[in-house]
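Output the structure for:
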Amino acid sequence: MRAEATEKIVGKLAKKMGADKILDQFKKAEAELRKAQEKAKTFFKKKAEQDKEKGLNYNMREREEKISLDDCLEQLKDWARDLVDREIRRRPEGLKLKQLEDLKTRAIDQVMESGTPEELIRQLDLTTKKIGIAWVVDTSAIKHIGRGN
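Numbers count the residues shown, from 1 in each chain. Here you go, the predicted structure:
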């Protein structure tokens, strides 16, 4: 009963105090925000579908939550990072990076598949020699620091 009476008086009180103008402005602003959020959702989803061959991922999953400006900016940053990564891959440095990533994958596979420590060391040494690094290093020429010498 108290809640019903309070609800009836809210409108009258708002008008009497002058808060009704502020509330109306707030309602209009929220309606505009909802429109902008729906436009953003539609735009980014449509753009991701159109540019699927470019590999753009749509990160604003279907949700009831409201999309913020930060969500839109984060989506654009993700797309920008993807585009930069693809551009880097086309350059000579990107090709070297790809070779190193492939080497890392092969090394991990070798670790998982090796039977004995000696076999693992031999396989890793062969793999790293391809890029000019020796896995097995002769340390006999290193002077040992001992106590009292």
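
Report how many residues lie close to residue 44.
20 (other C-beta atoms under 10 Å). C-beta coordinates here come from the backbone N, C-alpha and C atoms, glycine included.

okay, now the domains of the chain?
2-90, 94-136 (automatic domain parsing).

any chance of those in JSON lines, with mean pLDDT and distance to residue 145 too?
Listed next are the domains of the chain as JSON lines, based on pLDDT from 0 to 100; distance: least, C-beta to C-beta, whole Å:
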{"stretch": "domain 2-90", "mean pLDDT": "83", "distance to residue 145": "44"}
{"stretch": "domain 94-136", "mean pLDDT": "82", "distance to residue 145": "23"}
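
closest to residue 143 out of those?
domain 94-136 (19.8 Å; C-beta to C-beta).

so how far is the strand or helix carrying residue 15 off the chain centroid?
Taking DSSP states H and E as the definition, residue 15 sits inside helix 2-17. Distance of helix 2-17 from the chain centroid (C-alpha atoms, centre = their mean, to the nearest Å) equals 48 Å.

Run the chain-centre distance for the helix or strand following that helix.
Note on helix 2-17: by DSSP H and E, the next helix or strand toward the C-terminus is helix 19-50. What separates the centre of helix 19-50 from the centre of its chain is 25 Å, taken as C-alpha atoms, centre = their mean.

Remind me what helix 19-50 packs against, helices and strands.
Contacts defined by 3 or more C-beta pairs under 8 Å, 6 or more residues apart in numbering; DSSP states H and E place helix 19-50 against helix 2-17, helix 69-90.

Would you format those as CSV with distance to residue 28 and mean neighbour count included?
Below are these laid out as CSV (distance: least, C-beta to C-beta, whole Å; neighbours: other C-beta atoms under 10 Å):
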stretch, distance to residue 28, mean neighbour count
helix 2-17, 15, 10
helix 69-90, 19, 13
